[in-house]
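Novice: Here is my input; please provide its structure:
(one chain, ligands or ions: 1)
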Amino acid sequence: MLIKVEREEFLQIRDLIHEKAGLYFDERKRYFVEKRVAKRIQASASESFRNYYRTLKYGHNNEELLHLLELLTTNETYFYRHIPQLESFAEEALPLILEEKRQQNNYQLNIWSAACSSGEEPYTLAIFLRETIPDFERWKIDLLATDLDRNILAKARKAIYDKRSIKDVPPGVLKKYFRSLDDGRYQLTSPITSMVRFQRLNLIDRSGMRQHRGKDVIFCRNVLIYFDDHYRKQVVHSLYNSLNKNGFIFLGHSESVGRISAAFQLVKFKKSLTYQK
Ligand SMILES: C[S@@+](CC[C@H](N)C(=O)[O-])C[C@H]1O[C@@H](n2cnc3c(N)ncnc32)[C@H](O)[C@@H]1O
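Specialist: Below you'll find the predicted structure:
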């Protein structure tokens with residue numbers, strides 16, 4: 001049975017998703033949203049839109065909402081995404097942070113990949129850290145990776161990737177840290193996987209965000225674009241509070257905090273722009 005979602009119903013769900021996850025879908029996305037809602041109405045045996053909406057709004061632990069969000073989020077990512085920015089991180093931001101810490105005899109480094117999707121971003125950061133910190137063994141590194149989507153986090157923990165994900169990985173790195181599997185895919189090995197801890201976190205959950213403090217660098221790339229200005233501001237504010245003084249935040253290529261927060265300093269590195277607290 002094909003369930004049809006009326007316009008009013010689309011608007012109700014759209015507003016609920018916005019309230020709970022910050023994601024905003026305008027009318028142009030109506031078909032995309034409706035198709036997924038119809039799918040979940042069937043899968044959850046809700047029978048009618050009204051029942052489904054009630055479950056979504058009042059259901060136990062937001063379980064059904066999470067299922068729906070998992071269908072609606074875009075998980076596009078790959079290793080070595082936007083290399084100039086990664087090089088700015090490794091060649092310019094990191095040495096500044098490490099030097100300041102060495103002077104304080106503090107060898108704890110805290111990095112956070114917020115909205116990490118299937119893990120390519122935090123694992124890439126782990127590779128850069130291992131490959132570029134000269135006294136790597138001396139450092140205690142906490143590399144936290146969070147995302148809203150439980151399925152994608154399960155995939156991240158498995159660390160098995162297809163050719164498309166690893167297309168930009170330099171051959172030497174591929175050889176050193178990946179194992180090729182019989183089915184043509186690649187599995188990342190433990191020197192890298194053991195550096196990353198994954199956790200579920202909704203970026204608009206203020207109390208959840210408050211648990212994460214003392215970060216030296218935050219990567220929050222290609223997720224703010226899905227939020228409206230209200231939640232973008234809120235998330236950037238939370239991330240600001242999570243950073244140490246002088247800490248850096250790296251955003252996606254087309255994202256900036258300029259319009260939404262004056263608290264950060266714009267830093268012009270040789271290969272990319274970033275923001276510092
Ligand atoms: C396009 S991916 C970006 C992955 C990676 N940062 C990159 O740039 O390659 C966006 C990710 O944001 C996550 N996401 C969307 N809304 C979120 C929210 N409210 N809280 C946390 N993560 C969210 C999605 O599940 C998805 O995995």
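Novice: Name the residues of this protein found near the ligand, please.
Specialist: 21-23, 73-77, 81, 115-117, 121, 147-149, 152, 202-204, 221-223, 226, 252 (Cβ under 6 Å from any ligand atom). Where C-beta positions appear, they are placed from N, C-alpha and C, glycine not excepted.
Novice: From these, list just the buried residues.
Specialist: Among the residues of the chain next to the ligand, the ones that count as buried by 16 or more other Cβ atoms under 10 Å are 21-23, 73, 77, 81, 115-117, 121, 147-149, 152, 202-204, 221-223, 226, 252.
Novice: R179: what's it in contact with?
Specialist: Y186, Q187, L188, T189 (Cβ atoms under 8 Å, 6 or more residues apart in numbering).
Novice: Just give me the closest of those to the ligand.
Specialist: Set against the ligand, the nearest of these by Cβ to the nearest ligand atom is L188 (15.7 Å).
Novice: before we move on, back to that, what about the buried ones among the residues of the chain next to the ligand, which are in helices?
Specialist: If you go by DSSP state H, those have A21, E121, I152 in helices.
Novice: Of the residues you listed, which is the nearest to D162?
Specialist: Minimum distance to D162 across those is 14.6 Å, recorded for I152 (Cβ to Cβ).
Novice: My guess is that closest one contacts S118. True?
Specialist: Yes: I152 is in contact with S118 according to Cβ atoms under 8 Å; the separation is 5.2 Å.
Novice: what do these two both touch?
Specialist: Shared contacts of I152 and S118 (Cβ under 8 Å, 6+ apart): N75.
Novice: In contact with the closest residue to G119 other than its chain neighbours, which residues?
Specialist: Excluding its sequence neighbours, the residue lying closest to G119 (Cβ to Cβ, 6 or more residues apart in numbering) is A156, at 3.1 Å. When contacts are counted by Cβ under 8 Å, 6+ apart, A156 touches C116, S117, S118, G119, P122, A145, D147, F198.
Novice: change it to 6 Å
Specialist: Shown in contact with A156 (Cβ atoms under 6 Å, 6 or more residues apart in numbering): S118, G119, F198.
Novice: What strand or helix carries Y275?
Specialist: Here Y275, judged by DSSP states H and E, is contained in strand 273-276.
Novice: buried sites along that strand?
Specialist: By neighbour count on 16+ other Cβ under 10 Å, the buried set for strand 273-276 is T274, Y275.
Novice: Restrict stretch 42-52 to CA atoms and write it as PDB.
Specialist: Presented in PDB, the C-alpha positions along stretch 42-52 are these (Å, rounded to 0.1, in the frame of the first residue of the first chain):
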ATOM      1  CA  GLN A  42       5.000   1.500   6.400                       C
ATOM      2  CA  ALA A  43       8.100   0.100   8.200                       C
ATOM      3  CA  SER A  44       6.800   1.100  11.600                       C
ATOM      4  CA  ALA A  45       3.300  -0.300  10.900                       C
ATOM      5  CA  SER A  46       1.800   3.100  11.900                       C
ATOM      6  CA  GLU A  47      -1.100   2.700   9.300                       C
ATOM      7  CA  SER A  48      -1.900   6.400   9.200                       C
ATOM      8  CA  PHE A  49       0.000   9.700   9.100                       C
ATOM      9  CA  ARG A  50      -1.700  10.800  12.300                       C
ATOM     10  CA  ASN A  51      -0.400   7.700  14.200                       C
ATOM     11  CA  TYR A  52       3.000   8.100  12.800                       C
END
